[in-house]
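> A structural model of the following input is requested.
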Amino acid sequence: MALQLLFGVHAHQPVGNFDHVIEDAHRRCYRPFLQVMADYPEFRFAVHFSGWLLDELERRWPEDMALLATMTRRGQVEWFGSGDCEPVLAAIPHRDRVSQIVTLSDKIERRYGVRPQGAWLTERVWESAVVPSLADCGIRYVAVDDYHFLCTGKPAAALDGFFSTEEDGRWLDLFPISEQARYRLPFSPAHEVVAWLEEQARQGQKASVYFDDIEKFGIWPETHAWVYGQGWLRQFIEGVLASPHIETTTYADFHARYRTRGIVYLPTTSYSEMNEWTLPAAAARRYARLIQRAKAEGQLDEHKPFLRGGIWRNFFSRYAEANWLHKRMLAASDRLAALPAKKRNAQMQEWLHRAQANDAYWHGLFGGLYLPHLRRAVWHNLLCLEAALQKIDAQAAPWQMWLNAPPQKGGAKNETFDADLDGHDERFLRSKELLAVVRLDGDGALIELSSLSLAHNFGDTLRRYEEAYHDRLHLGESQSCAHGGIASAHERIAFRHEIHPGDADPDPRPRSSFIDSWIDADGKEHFLNDYALQDEIFRCPCAEGAIEKRYVVEGNVLTVGLRTLASGGRLQTRLNLAMPSCDGPAGRYVLADGSIAGGFGEPLSLTDATKLTLEDAVLGGAIALTASQPVHMEARAHLTVSQSEAGFEKIMQAVELTLSWPAMHGQETIVTVECRRDKR
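Model prediction:
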């Protein structure tokens, strides 16, 4: 019997990705892939397009998507569904899983005439809680990694069909994606891949399951020239079709033809690389040593199922910024769900769906937590939703994080509580236009400054974290690969930017705003990190005295007063402001006299300054910063070093502004931050 090749590709671009990135992806991958596949009607395969990308492609290149419609009508293509904006389903509530899945399934049925029976699982993150959500939406099967099955003790030879699982009275079938196939396609020569499939057939394997990123076929480094220029994809298709030992089929036909191989209960996991990325640096190094030792001893295949690393949700533990965004999103979801149905609308639901897009919540080789424009897109949609909710019920506490938060006297919700479950309360200060959130962790610093009118969080930055992959910075570029083909992104070490010593040093303190220090007469810096809140005043011991700090929000202005109850030295406060243009040409410093002092990517030093405006054409607005007395201002770009499939890169996360002035007993220095729209 011929081996059944179940070939599927997953296409996705993050919500908010740059137009030129999508255009390049379409030119180098989506268009040529569809054009080649359309030439071979006998080669059957499955596709999954995330809903946001599908909308973009249909709007901008309808003629290419018409090819996909033609292939669908002739039975060549099977559509897989999932969450419309590609959320990690396990990380959002059941009600939102259902609305996300139904939205995409409806979209596919309306445009292509078929309703998906199968679903792509974002980043193959498996938790059994997703089973009822998928089943309730009419999904009958999903594809996850064979690694998930190996972790249960299943032998690799048994993973040539599908298995069944159940949760809360609903069942779902599971196809195991072959890791060996993922690593071969399209990186090994086409004839070698065909020969490998034929060998599986000779060994009596019933099926070979492949489902992976379509971006490997043209977007990953070297792949466009390899897959299309050198003809890999045509060679592979023609080799498969010419082989008497291989037959292509759809998941739907295979599922209808065969019975389940039995019940299985998968552990909470993802693909093996993701499990490593979720670990903190020290643990990731230990994990890597275990993997290398098993490989050196020739026992990796045997031990790998039991060396699992972490789980996807660890990203919320690793990165405070991801955790804060996630908990803010959950709160917005609660508020939307609490609205009477007649007050909700499709636009609100879309804003929520887009705020749940997975990319901005994690980081590995691909995840976009380190990419400011992806985080900004999620925050933008979240704040658009919150602005709409505010208009509907202006009397409610619109920033309330949990609906079951303890009430204050008089029935009002308490707005000082531990919103992100990190062990520290947050204090919420708000007007109709602005939200300021201060964390009560000793720093007494601002972790969020969100403008509703601009739908932007100026506190949306990222500290420099220790990453295990920083150990590879000194290794230089390596392009070695197996099988005589091209290197996978997992095998490459490349550099998009020049990295200098110290560029990747982790930050000793969070990248918040109004992080304070006292500089003594000898020039030594003392962190002020023992602030306590009492009667709306933060107070911290300092130099046999104290520093008092207060925050006030009115309209679109945040006012911060710093009072010195000690003499000598200098008081210093540091702000980290996320400006959308980053170090691009659209952002600039404007001095009090209206002159331009340079762009956000350039260093700036001002003596005896009382005003500085940060104008941002991408934002369509500005931050106007004023001080009640002359201060010394220093500004520089805050950069992080991260990895991507294209190599190590430096990315501007925020403008770091440092203000300092002589500390005089009894003096209060008032700093105002005005968030304003561009009036032009």
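> Please pull out the lowest mean pLDDT helix or strand from the protein.
Ranking every helix and strand in the chain by mean pLDDT, DSSP states H and E puts helix 300-303 at the bottom, with a mean of 88.
> need the longest strand for the chain.
strand 621-642 (DSSP state E).
> pLDDT weak spots in the stretch 301-450 of the chain?
Scanning the stretch 301-450 of the chain for pLDDT under 70 picks out the ranges 367, 394-414.
> where along it do the helices fall?
Along the stretch 301-450 of the chain, counting by DSSP state H, counting those that start in this stretch, helices occupy 314-318, 320-338, 346-355, 372-392.
> Nearest to Cys540 among the ones you listed would be which one?
Across the helices of the stretch 301-450 of the chain, Cys540 has its closest neighbour in helix 320-338 (21.1 Å, C-beta to C-beta). Glycine gets a C-beta too; all of them are placed from N, C-alpha and C.
> Which residues belonging to the closest one are considered buried?
For helix 320-338, burial by neighbour count (16 or more other C-beta atoms under 10 Å) applies to 320-336.
> How is this structure divided into domains?
3-78+143-277, 280-312, 314-421, 468-677 (automatic domain parsing).
> measure the third one end to end?
Across domain 314-421, the straight-line distance between its terminal residues is 14 Å, by C-alpha to C-alpha, to the nearest Å.
> chain center to that domain, what's the gap?
15 Å (C-alpha atoms, centre = their mean, to the nearest Å).
> From here on, call the first residue 494.
New numbering, starting at 494: the last item is domain 807-914.
> I figured Leu667 was touching Asp638, is that so?
No. Using C-beta atoms under 8 Å as the test, Leu667 is too far from Asp638 to be in contact (10.3 Å).
> Which one of these two is surrounded by more residues?
Between Leu667 and Asp638, counted using other C-beta atoms under 10 Å, Asp638 has the larger neighbour count: 26 against 21.
> Please report the distance of the more buried one from Gln593.
According to C-beta to C-beta, to the nearest Å, Asp638 and Gln593 sit 22 Å apart.
> quick one on the thing from earlier: who touches the least confident helix or strand of the chain?
784, 787 (C-beta atoms under 8 Å, 6 or more residues apart in numbering).
> can you dump the C-alpha coordinates of it into PDB?
Below are the C-alpha coordinates for helix 793-796, written out as PDB (Å, rounded to 0.1, in the frame of the first residue of the first chain):
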ATOM      1  CA  LEU A 793      18.900  11.900  22.300                       C
ATOM      2  CA  ASP A 794      16.100  10.100  20.400                       C
ATOM      3  CA  GLU A 795      15.600   7.800  23.400                       C
ATOM      4  CA  HIS A 796      15.700  10.600  26.100                       C
END
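> thinking again about what came up before, closest one to Val623 among the domains of the chain?
Using C-beta to C-beta, the domains of the chain put domain 496-571+636-770 closest to Val623, at 8.2 Å.
> any idea of the mean pLDDT for the closest one?
Mean pLDDT, domain 496-571+636-770: 96.
> end-to-end on that domain?
34 Å.
> Check stretch 826-839 too.
14 Å.
> quick one on the thing from earlier: ok and the longest strand of the chain relative to helix 865-885, angle-wise?
Strand 1114-1135 runs at 140 degrees relative to helix 865-885, counting by axes from the mean of the first three to the mean of the last three C-alpha atoms, to 10 degrees.
> What pairs with the helix or strand following strand 1114-1135, parallel or antiparallel?
Per DSSP states H and E, strand 1114-1135 leads on to strand 1142-1155 as the next helix or strand towards the C-terminus. Sheet pairing for strand 1142-1155, assigned by DSSP bridges, gives strand 1063-1070 (antiparallel), strand 1114-1135 (antiparallel).
> winner for burial among those strands?
Between the strands paired with strand 1142-1155, strand 1063-1070 has the highest mean count of neighbours, a mean of 22, where neighbours are mean count of other C-beta atoms under 10 Å.
> about what we covered before: wait, which of the strands paired with strand 1142-1155 is closest to Tyr744?
Among those, strand 1114-1135 sits nearest to Tyr744 (C-beta to C-beta), with 35.1 Å.
> Just give me how far that closest one sits from the chain centre.
Taking mean C-alpha positions (C-alpha atoms, centre = their mean), strand 1114-1135 and its chain are 27 Å apart.
> May I have it as PDB, with CA atoms only?
C-alpha atoms of strand 1114-1135 as PDB (Å, rounded to 0.1, in the frame of the first residue of the first chain):
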ATOM      1  CA  GLY A1114       0.700  62.900  18.500                       C
ATOM      2  CA  ALA A1115       3.300  63.900  21.000                       C
ATOM      3  CA  ILE A1116       4.600  63.900  24.600                       C
ATOM      4  CA  ALA A1117       5.200  67.300  26.000                       C
ATOM      5  CA  LEU A1118       7.400  67.200  29.100                       C
ATOM      6  CA  THR A1119       7.800  70.100  31.400                       C
ATOM      7  CA  ALA A1120       9.700  70.700  34.700                       C
ATOM      8  CA  SER A1121       8.800  73.400  37.300                       C
ATOM      9  CA  GLN A1122      12.500  74.300  37.700                       C
ATOM     10  CA  PRO A1123      15.500  74.100  35.400                       C
ATOM     11  CA  VAL A1124      16.800  70.500  35.200                       C
ATOM     12  CA  HIS A1125      19.500  68.600  33.400                       C
ATOM     13  CA  MET A1126      18.000  66.300  30.700                       C
ATOM     14  CA  GLU A1127      19.800  63.400  29.000                       C
ATOM     15  CA  ALA A1128      18.000  61.400  26.300                       C
ATOM     16  CA  ARG A1129      19.200  58.300  24.500                       C
ATOM     17  CA  ALA A1130      17.700  55.300  22.800                       C
ATOM     18  CA  HIS A1131      17.100  52.200  24.800                       C
ATOM     19  CA  LEU A1132      18.100  49.200  22.700                       C
ATOM     20  CA  THR A1133      17.800  45.400  23.200                       C
ATOM     21  CA  VAL A1134      19.600  42.600  21.500                       C
ATOM     22  CA  SER A1135      17.500  39.600  20.400                       C
END
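> could you give me the average pLDDT of it?
The pLDDT scores in strand 1114-1135 average 97.
> which residues touch Gly935?
Residues in contact with Gly935 (C-beta under 8 Å, 6+ apart) are 1022-1024.
> And those residues, which of them are buried?
Tyr1024.
> Could you dump the contacts of Gly935 into JSON lines and include secondary structure and distance to Gly576?
JSON lines is the format used below for the contacts of Gly935 (DSSP: H, G, I helix; E, B strand; the rest coil; distance: C-beta to C-beta, whole Å):
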{"residue": "Asn1022", "secondary structure": "coil", "distance to Gly576": "40"}
{"residue": "Asp1023", "secondary structure": "coil", "distance to Gly576": "44"}
{"residue": "Tyr1024", "secondary structure": "coil", "distance to Gly576": "41"}
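> Kindly indicate which of the contacts of Gly935 lies nearest Asp1076.
Asn1022 (29.7 Å).
> Need phi/psi at the nearest residue to the closest one once chain neighbours are set aside.
Nearest non-adjacent residue to Asn1022, counting by C-beta to C-beta, 6 or more residues apart in numbering: Gly935, 4.5 Å away. Here is the backbone geometry of Gly935 (degrees, to the nearest 10): phi 100, psi -40.
> count of neighbours near Arg590?
24.
> pretty sure it contacts Val623?
Yes. Assessed by C-beta under 8 Å, Arg590 is found in contact with Val623 at 6.6 Å.
> related to what we said a few turns ago, just put the helices of the stretch 794-943 of the chain in a markdown table and tack on distance to Glu1041.
Formatted as a markdown table, those follow (distance: least, C-beta to C-beta, whole Å):
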| stretch | distance to Glu1041 |
| --- | --- |
| helix 807-811 | 34 |
| helix 813-831 | 26 |
| helix 839-848 | 37 |
| helix 865-885 | 31 |
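> could you pull out the strands for the stretch 594-743 of the chain?
611-613, 634-638, 656-660, 663-670, 700-706, 739-742 (DSSP state E, counting those that start in this stretch).
> name the helices or strands packed onto the last one?
Read that as strand 739-742. strand 496-504, helix 683-695, helix 725-735 (3 or more C-beta pairs under 8 Å, 6 or more residues apart in numbering; DSSP states H and E).
> next one: the second one
In this structure, strand 634-638 makes packing contacts with strand 611-613, strand 663-670, helix 744-750, judged by 3+ C-beta pairs under 8 Å, 6+ apart.
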